[in-house]
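[1] Please work out how this folds:
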Amino acid sequence: MMRSALVTGGSRGIGRAICKKLAFELGYHVLINYQGNEAAAQETLTMIEEGGGTGEILKFDVGDSGAVHDVLASWSAAHPDAVVEVIVNNAGIARDGLFMWMTPEDWSTVLHTSLQGFYNVTNFFIQKLLRKRYGRIINMVSVSGVKGTAGQVNYSAAKAGVIGATKALAQEVAKRNITVNAVAPGFIRTEMTKEMDEKELAKMIPVNRFGEAEEVADLVCFLASKKASYITGEVININGGIYS
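    Model (predicted):
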């Protein structure tokens, strides 16, 4: 049996760090999902293989239900001995701007990727997890989804929606030894934040610095492990104390 973990948006940043942790620390065969940057996804896979782990790349847009089903069904048929135990819904997109000027496309694209993406990927596997009576579903949200952030009404709404889904689904599947949790990062040093004024923003953060992707991945790895079997329906903030 090939124990596997799927990480959506796993090619860069927090997603890449999560892929590596799941491979190296929990021994999972990691399915690295990406949509556009094949080179980055391949680089993540190379890092895993050079470190002694195993994985493969799956290309699909999480917001496209047909693409998600086709790729995952094809992979499942090709690997009848594999079982996906861990799902990390990490893929997301930001289209920031004041709500008064927000276009319908910027609204729907962000919600479709985070919220519809959560449904498309998780729903494909949920019956399999229930039959196996084991699973870990970890949804990457944001401090914006917990408290709301000006200029990110769409992103805040999308992540808040995933938080609500996390809490509800956790109650539905807990009896089958499946946990569902959300991780809400604050300012994390990645490509998405490299244009920000880190020195100035750090003054707002009690620990006085941005977080590292590896720190977020450590938390996700713990939630994906058997050590976290009594934690479910939770939203865990990892933000240096900026909001709790």
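[2] all strands of the chain, in order?
    Counting by DSSP state E, the chain has these strands, from start to end: 2-7, 29-34, 55-59, 82-89, 135-140, 178-185, 188-189, 211-212, 235-238.
[3] Residue 95: which of those is closest?
    Ranking these by their distance to residue 95 (criterion: CB to CB) puts strand 135-140 first, at 17.4 Å. Glycine gets a C-beta too; all of them are placed from N, C-alpha and C.
[4] Sheet partners, orientation included, of that closest one?
    Strand pairing for strand 135-140, using DSSP bridges, gives strand 82-89 (parallel), strand 178-185 (parallel).
[5] With mean neighbour count and distance to residue 74 as extra columns, can I get these in a markdown table?
    Shown next, in a markdown table, are these (neighbours: other CB atoms under 10 Å; distance: least, CB to CB, whole Å):
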| stretch | mean neighbour count | distance to residue 74 |
| --- | --- | --- |
| strand 82-89 | 24 | 13 |
| strand 178-185 | 24 | 24 |
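[6] quick revisit: for the strands of the chain, which one sits closest to residue 75?
    Using CB to CB, the nearest of the strands of the chain to residue 75 is strand 55-59, at 6.3 Å.
[7] which other residues reach the closest one?
    If you take CB atoms under 8 Å, 6 or more residues apart in numbering as the criterion, strand 55-59 is touched by 6, 19, 23, 29-35, 38, 41-42, 44-45, 48-49, 71-72, 75.
[8] Please spell out which residues along that strand are buried.
    55, 57, 58 (16 or more other CB atoms under 10 Å).
[9] Per-residue pLDDT of residue 197, please?
    What the model reports for residue 197 is a pLDDT of 65.
[10] quick one, what contacts the residue nearest the centre of the chain?
    By CA atoms, centre = their mean, the chain has its centre lying nearest to residue 90, at 2.0 Å. Residue 90 sits next to 7, 8, 9, 10, 14, 15, 18, 140 when contact means CB under 8 Å, 6+ apart.
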